[in-house]
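> Can you look at this prediction? I've put the sequence above it.
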Amino acid sequence: MIPDRDFEAVYSGKHDNSILGVANRDYPAASIANSVLSRMISRDVIKEGDVVSIYKSQTFPTTGFGVAHNLDPELKEQIRDAFFSFAWEGTSLQREFEKSNEGQFLPMTYKEFWEVIRKIDTANGVSYSCE
């Protein structure tokens with residue numbers, strides 16, 4: 001399929017909106033993160049039979065937190081410690097993200113974890129240049 005010939009890309013603003021649009025037949029298709037589909041089904045927001053998954057890409061982080069490259073090293077470490085010492089047990093974060101096996105913070109690198117996103121951006125001609 002070729003964009004602008006076979007379909008028009010429209011952005012709903014967030015993955016939840018996209019999958020709800022497909023389930024409610026407002027959109028014929030949508031691209032969403034794997035974990036969003038799992039969470040929406042497990043929360044009974046949509047039923048498994050409401051949508052059909054036709055392709056599953058490499059899994060990538062749904063959310064990431066980072067720090068500026070020039071931030072004071074001591075502050076960087078304190079921020080890192082805040083995430084990795086967070087007590088998940090019994091929290092609403094744990095309840096929500098365990099549904100898709102994401103009930104923890106993981107150390108990650110842009111190079112490794114977002115490689116698939118950079119490939120998608122390149123294929124779609126997306127640039128984040130500051131020029």
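Perfect, I can see it now. Since the structure is predicted, the reported quantities are computational estimates derived from the model, not experimental observations.

> contact partners of the longest helix along the chain?
With residue count as the measure and DSSP state H as the assignment, the chain has helix 73-84 as its longest helix. With C-beta atoms under 8 Å, 6 or more residues apart in numbering as the test, helix 73-84 has contacts from 65, 67, 105, 107. No exception for glycine: its C-beta is placed from N, CA and C like everyone else's.

> where in the protein is pLDDT low?
Low-confidence segments of the chain, defined by pLDDT under 70: 62, 100.

> Just the buried subset of the contacts of helix 73-84, please.
residue 105 (16 or more other C-beta atoms under 10 Å).

> Pick out the most distant pair among the contacts of helix 73-84.
Taking every pair in the contacts of helix 73-84 and measuring C-beta to C-beta, the maximum separation is 13.7 Å, between 67 and 105.

> Walking through this protein, point out its helices one by one.
Counting by DSSP H, one finds helices in the chain at the ranges 15-23, 34-42, 73-84, 92-98, 110-113, 115-123.

> circling back: buried stuff in the longest helix of the chain?
Using 16+ other C-beta under 10 Å as the test for burial, helix 73-84 gives no buried residues.

> I'd say residue 10 and residue 27 touch.
Yes. With contact taken as C-beta atoms under 8 Å, residue 10 and residue 27 are classed as touching, separated by 7.4 Å.
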